[in-house]
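Engineer: Dropping the sequence and predicted coords here.
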Amino acid sequence: MSVEQTLILVKPDGVARGLSGEILRRIEAKGYSVTGLRMFTPDRELLAAHYAEHEGKPFYEPLIEFMSSGPVVAIRAEGHRVIEGFRSLAGTTDPTGAAPGTIRGDLGRDWGLKVQQNLVHGSDSTESAERELSLWFA
Ligand SMILES: Nc1ncnc2c1ncn2[C@@H]1O[C@H](COP(=O)(O)OP(=O)(O)OP(=O)(O)O)[C@@H](O)[C@H]1O
């Protein structure tokens, strides 16, 4: 099996709360390599491409607004089965129910907003990872 790469984002809530270092620490502590790192505020064009599958859903506009509200940290991480491994580290989408021990379960919660502010994104397949890495590390 070849070594996989994935795209991880520390979303604006994670950066604003000063959790970028803690999230990077968990990725490295699990044994994955960080091979790319960028910090910037993404524009609508990049976010529309990234979230194309969600266009038309009720949370789409709030999601784009939220994701363009401040800097994010984009991380390229590498390792055997890193895609599945990071999804497991992140926990389920809704941070309220995410298992303790996960990033979302330990550090996230519901803030009563239209979009779930859940600290991180991780690619969900090798196809998504390739597509998303080419967007965020163009
Ligand atoms: N029902 C919802 N209500 C509000 N926000 C949502 C909802 N579903 C998803 N979102 C937001 O949209 C993002 C993308 O949704 P997706 O279903 O791809 O979640 P995910 O795969 O767990 O998260 P990500 O793709 O960010 O790793 C979520 O991380 C969350 O911020």
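Structural biologist: In hand now; what should we look at? Please read all numbers here as calculations on a predicted model, not as lab measurements.
Engineer: all contacts plus neighbour counts: C-alpha atoms, from now on.
Structural biologist: Fine.
Engineer: all helices of the protein, in order?
Structural biologist: Counting by DSSP state H, one finds helices in the chain at the ranges 12-16, 20-29, 44-50, 60-67, 82-90, 103-107, 126-136.
Engineer: any chance of those in TSV, plus mean neighbour count and distance to Thr6?
Structural biologist: Supplementary listing: the helices of the chain in TSV, determined by neighbours: other CA atoms under 10 Å; distance: least, CA to CA, whole Å:
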stretch	mean neighbour count	distance to Thr6
helix 12-16	21	19
helix 20-29	16	12
helix 44-50	14	14
helix 60-67	17	19
helix 82-90	20	6
helix 103-107	21	17
helix 126-136	16	5
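Engineer: and Arg76, which of those is closest to it?
Structural biologist: Of all the helices of the chain, helix 126-136 sits nearest to Arg76, with 7.3 Å by CA to CA.
Engineer: which other residues reach that closest one?
Structural biologist: Applying CA atoms under 8 Å, 6 or more residues apart in numbering, the contact partners of helix 126-136 are Glu4, Gln5, Thr6, Leu7, Leu46, Ala49, His50, Ala74, Arg76, Ile83, Ser123.
Engineer: okay, among these, which ones form the most distant pair?
Structural biologist: Among these, Glu4 and Leu46 lie farthest apart (CA to CA), at 23.0 Å.
Engineer: The chain against the ligand: which residues are in contact?
Structural biologist: Phe59, Leu63, Thr92, Thr93, Lys114, Val115, Gln116, Gln117, Asn118, His121, Gly122 (CA under 6 Å from any ligand atom).
Engineer: between those, which is nearest Thr35?
Structural biologist: Of these, the one sitting nearest to Thr35 (CA to CA) turns out to be Gly122, at 15.1 Å.
Engineer: Tally up the residues packed near the closest one, please.
Structural biologist: A count of nearby residues for Gly122, using other CA atoms under 10 Å, gives 24.
Engineer: Stretch 35-47: end-to-end distance?
Structural biologist: Taking CA to CA, to the nearest Å, stretch 35-47 runs 22 Å from one end to the other.
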